[in-house]
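# Have a look; sequence and predicted model below, questions after that.
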Amino acid sequence: MKSYNEIIEANSNKILKKNNNLKKKKIKFLLNFNTFQLEAYVEYYLKKKLIQAVLPKSEFDQIFQELSVIKKKDNIDILVIGNEFNLIYDINNFSIKNFAKQIFTQIELLKKLKNKFPKIEVIIFNIPEVYYQNFPNQKKQENKNIINKLNNELKVSCEASNIYLLDYNYLITSVGQKNFYSFKNYYSSKSLLSDEGCNIIASEISKIVRSVTFPRKKCLVLDLDNTLWGGILGEEGPEGIKISNSFIGEKYLQFQKYIKSLSDNGVILGILSKNNFSDVKKCFSQNDNLFLKLSDFSSIRINWEPKFKNINEIASELNIHKNSIVFFDDSKFERDQMKKFNPEINVIDVPFSVENYIDSIEETAFFYSNKKFITEDYKKKYQYDLVNKAKSYKLKFKDTDTMDYLKSLKMKITLSKINEKNFSRCVQMLNKTNQFNFTTTRYTESTFANYLKKNKIISLVLKLEDKFGNHGITGLITANIQKDKCIIDNFLLSCRILGRNVEKIIIEELIRKLKNLKVKNLIGVYKKNKKNIQCANFYKNNGFSAISKNEFLLNLQSYHLVNKKIILVKYE
């Protein structure tokens, strides 16, 4: 736990100050207690996540007044709203229900603000528990019940309004009220929170801000020896490794359960270990104490080759960018090798003690999500299994038999408009898809809803099935109709379904719709970056003519549809 003086010193650290890779975020705090101490902690935790916090001044306990004067020129990225009553109000004249009513009123104001300025993200604290010293036991329990009910209502309201709800009440109870508050700080400066309180709130806020700023990482690649279990498998054998049945073994078991929970929430798992594969296979099949199974991992590299080279094969097999991969290995040598020779890989500085492994991953917020997961998140392992089955199946065909291979997959595309059911998945793809994404324009749910509302948009949301199973929602086009022309603003496909000619089918389906609408011209936009190089020649190879550096024109009146019917297309 960092003290305030340590935080101030860390924030002035020249290394952090000179880091040119920091992403700037303008964050305005509106709390009913003094925020200067908390802001310093937030600034520190965000720097560790490569984000530079710009913190405009605001008066504490002026939430309604400050909300009413926010303007577009303020360029605020994130608003943090926090309401407290402990130590602040006279308890004898205090009503939890009236206090909650103020918060719900703030949410209504925030809804209007987000409609006006869709790019602003909002984080709001839920209602804190009553401080145990402030009420007699009977009254305290009564208020606890009221607070639980109100916080559930608050959660529903925030989800409906695309507002991030920080579980302030849980943070208080997790460290204990005595440790969370500081009488000394409040009576001297109205800052209310102790160092421990500032640490835990700032850490949670920084995780939400990181999740807003950067896409969630897709894959966690783990070592085995002294990482997923204690000891060296080659020396101690399947029954000799430490997993359960001992104090240290229980720590590794808890870590495996945590890794499994990440997998259940959509994180792809990989193994990268210097071992004999036969020994590892035997270990997973014979040691019943292992919580994870070999089948939980979508990509496995167990050999004696350098890990910084092996991980390239994992990226290729999963068809994901290396920046989407997180590497977790107890060996400092392996971590340093990875940082030096494969710098795009995200490397976690693994702590010495296994009991700190979970915290070391959580603190990075690489896999953090404050919002509820959607259907596709829970099916990631299943979907990558389908990809691997298709790859193995493709080996049966010669390179010259590509069309025969594609036909034999018995692919079926289902197309629909953007709707309430698929909206969140569309936003997720827009923010996570890199390789086959022509513009890589990022949206929040608010900005995407605003984009759809303010333009005449034709949209195609793509689901793909083949002989191996259902790949789910894996593609999206949104095109903006402007009089006699239409501009493709967003065109993307999941990396999992590339190489199947799906991109040609979906563009032809868009053309078919536009022809029916008597639109004359279609403009495709390509904004080149390091990750979407494979999109570079698509428009040129499919009948478009270059009209500028980033735009390509197709005259729809003279274009003949060619669909080779390797994929059955239907609409829903």
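That came through fine. Numbers count the residues shown, from 1 in each chain.
# going forward, measure contacts between C-alpha atoms and count neighbours the same way
Noted.
# Which residues does the helix or strand harbouring residue 256 contact?
Secondary structure assignment for residue 256, by DSSP states H and E: helix 247-264. When contacts are taken as CA atoms under 8 Å, 6 or more residues apart in numbering, the neighbours of helix 247-264 outside the stretch itself are 227-230, 242-244, 269, 290-292, 296, 354-355, 357-358, 367, 377-378, 381.
# Whichever of these end up buried, select them in ChimeraX.
To isolate the buried members of the contacts of helix 247-264 in ChimeraX, using 16 or more other CA atoms under 10 Å:
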select :227,228,229,230,242,243,244,269,290,291,292,296,354,357,358,367,377,378,381
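# mean confidence for whichever helix or strand comes after the helix holding residue 256?
On the C-terminal side of helix 247-264, the nearest following helix or strand under DSSP H and E is strand 268-273. When the per-residue pLDDT values of strand 268-273 are averaged, the result is 96.
# ditto for stretch 333-351
For stretch 333-351, the per-residue pLDDT values average out at 96.
# residues making contact with that stretch?
The list of residues contacting stretch 333-351 from outside it, by CA under 8 Å, 6+ apart, reads 307-309, 322-330, 357, 360-361, 364.
# how far does it sit from the chain's center?
Centre-to-centre, stretch 333-351 and its host chain are 21 Å apart (CA atoms, centre = their mean, to the nearest Å).
# Next, the distance between the ends of that stretch.
From its first residue to its last, stretch 333-351 covers 14 Å (CA to CA, to the nearest Å).
# ok, now stretch 62-80?
Where stretch 62-80 starts and where it finishes are 13 Å apart, if you go by CA to CA.
# Give the buried residues for that stretch.
For stretch 62-80, the neighbour count (16+ other CA under 10 Å) marks 63, 67, 76, 77, 78, 79, 80 as buried.
# What values do phi and psi take at the third one?
Looking back up the chat, that one is residue 76. Reported as degrees, to the nearest 10, the phi and psi values for residue 76 are phi -80, psi 130.
# any idea how far it lies from residue 118?
Going from residue 76 to residue 118 by CA to CA gives 11 Å.
# try the first one
Between residue 63 and residue 118 the computed distance is 20 Å (CA to CA).
# Next: the second one.
Applying CA to CA, the value for residue 67 to residue 118 is 15 Å.
# what are the ranges of the helices in the stretch 301-450 of the chain?
The residue ranges that make up the helices of the stretch 301-450 of the chain, judged by DSSP state H, counting those that start in this stretch, are 307-318, 332-341, 357-364, 375-378, 380-394, 402-408, 423-432, 445-454.
# how much does the second one deviate in direction from helix 307-318?
Taking axes from the mean of the first three to the mean of the last three CA atoms, to 10 degrees, helix 332-341 and helix 307-318 form an angle of 70 degrees between their directions.
# The third one now?
Compare the direction of helix 357-364 with that of helix 307-318 by the same axes, to 10 degrees and you get 70 degrees.
# Are there helices or strands packed against helix 357-364, and which ones?
Judged by 3 or more CA pairs under 8 Å, 6 or more residues apart in numbering; DSSP states H and E, the packing partners of helix 357-364 are helix 195-213, helix 247-264.
# Need the winner for burial among those.
Of the helices and strands packed on helix 357-364, the one with the most neighbours on average (mean count of other CA atoms under 10 Å) is helix 195-213, at a mean of 21.
# Show the backbone phi and psi for residue 463.
Here is the backbone geometry of residue 463 (degrees, to the nearest 10): phi -110, psi 140.
# Could you do the one 3 residues further on as well?
With angles defined as degrees, to the nearest 10, residue 466 sits at phi -140, psi -170.
# cool, and residue 567?
With angles defined as degrees, to the nearest 10, residue 567 shows backbone torsions of phi -130, psi 130.
# Which is the succeeding secondary structure element to the longest strand anywhere in the chain?
Counting residues, the longest strand found in the chain (DSSP state E) is strand 469-482. The C-terminal neighbour of strand 469-482 among helices and strands, as given by DSSP H and E, is strand 485-493.
# what angle sits between that following strand and strand 469-482?
In this structure, strand 485-493 runs at an angle of 160 degrees to strand 469-482, with the same axes, to 10 degrees as the basis.
# Go through whichever helix or strand comes after strand 485-493 and flag the buried ones.
Stepping forward along the backbone from strand 485-493, the first helix or strand reached (DSSP H and E) is helix 502-516. Neighbour counts over helix 502-516 (16+ other CA under 10 Å) mark 502, 503, 505, 506, 507, 508, 509, 510, 511, 514 as buried.
# for stretch 39-59, same thing?
Applying a neighbour-count criterion of 16+ other CA under 10 Å, the buried positions in stretch 39-59 are 39-47, 49-53, 55, 58.
# In strands, which of those appear?
Using DSSP E, the members of the buried residues of stretch 39-59 that fall in strands are 51, 52, 53.
# Now pLDDT too, for these, in a markdown table please.
Supplementary listing: these in a markdown table, determined by pLDDT from 0 to 100:
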| residue | pLDDT |
| --- | --- |
| 51 | 94 |
| 52 | 93 |
| 53 | 94 |
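# neighbouring contacts of stretch 413-421?
Applying CA under 8 Å, 6+ apart, the external contacts of stretch 413-421 come out as 426, 458-465, 567-572.
# repeat that for 6 Å
For stretch 413-421, the external contacting residues (CA atoms under 6 Å, 6 or more residues apart in numbering) are 459, 460, 461, 462, 463, 464, 569, 570, 571, 572.
# what about the helix or strand hosting residue 108, distance to the chain center?
Using DSSP H and E, the element containing residue 108 is helix 96-116. Centroid separation for helix 96-116 versus its chain: 26 Å, with CA atoms, centre = their mean.
# List the buried residues of that helix.
Buried residues in helix 96-116, counted by 16+ other CA under 10 Å: 96, 100, 103, 104, 106, 107, 110, 111, 113, 114.
# Widest-spaced pair of those residues?
The widest separation within the buried residues of helix 96-116, taken as CA to CA, falls between 96 and 114 and amounts to 26.9 Å.
# per-residue confidence for the closest residue to residue 430 other than its chain neighbours?
By the measure of CA to CA, 6 or more residues apart in numbering, the closest residue to residue 430 outside its immediate chain neighbours is residue 442, 5.9 Å from it. Here, the pLDDT recorded for residue 442 equals 91.
# quick revisit: closest one to residue 86 out of the contacts of stretch 333-351, please.
Residue 86 lies nearest to residue 364 out of the contacts of stretch 333-351, by CA to CA, at 31.0 Å.
# Could I get the average pLDDT for stretch 480-491?
The model assigns stretch 480-491 a mean pLDDT of 95.
# How many residues are close by residue 89?
The local packing of residue 89 (other CA atoms under 10 Å) involves 11 other residues.
# dump the residue contacts of it.
For residue 89, no residue meets the contact criterion (CA under 6 Å, 6+ apart).
# What separation is there between it and residue 31?
Separation of residue 89 from residue 31 (CA to CA): 14 Å.
# tell me the domain ranges of this structure?
For the chain, the domain assignment from automatic domain parsing gives the residue ranges 4-213, 219-364, 392-571.
# and the end-to-end length of the second one?
Start and end residues of domain 219-364 are separated by 14 Å (CA to CA).
# Kindly report the same for the longest one.
End-to-end distance of domain 4-213: 26 Å, with CA to CA as the criterion.
# Go through stretch 454-462 and flag the buried ones.
Of the residues in stretch 454-462, those buried under the neighbour-count criterion (16+ other CA under 10 Å) are 457, 458, 459, 460, 461, 462.
# Now do the contacts for residue 215.
Listed by CA under 6 Å, 6+ apart, the contact set of residue 215 reads residue 432.
# Can you give the contact residues for the helix or strand where residue 234 lies?
Take DSSP H and E as the rule and residue 234 turns out to sit in helix 233-240. Outside of helix 233-240, the residues within contact range by CA under 6 Å, 6+ apart are residue 283.
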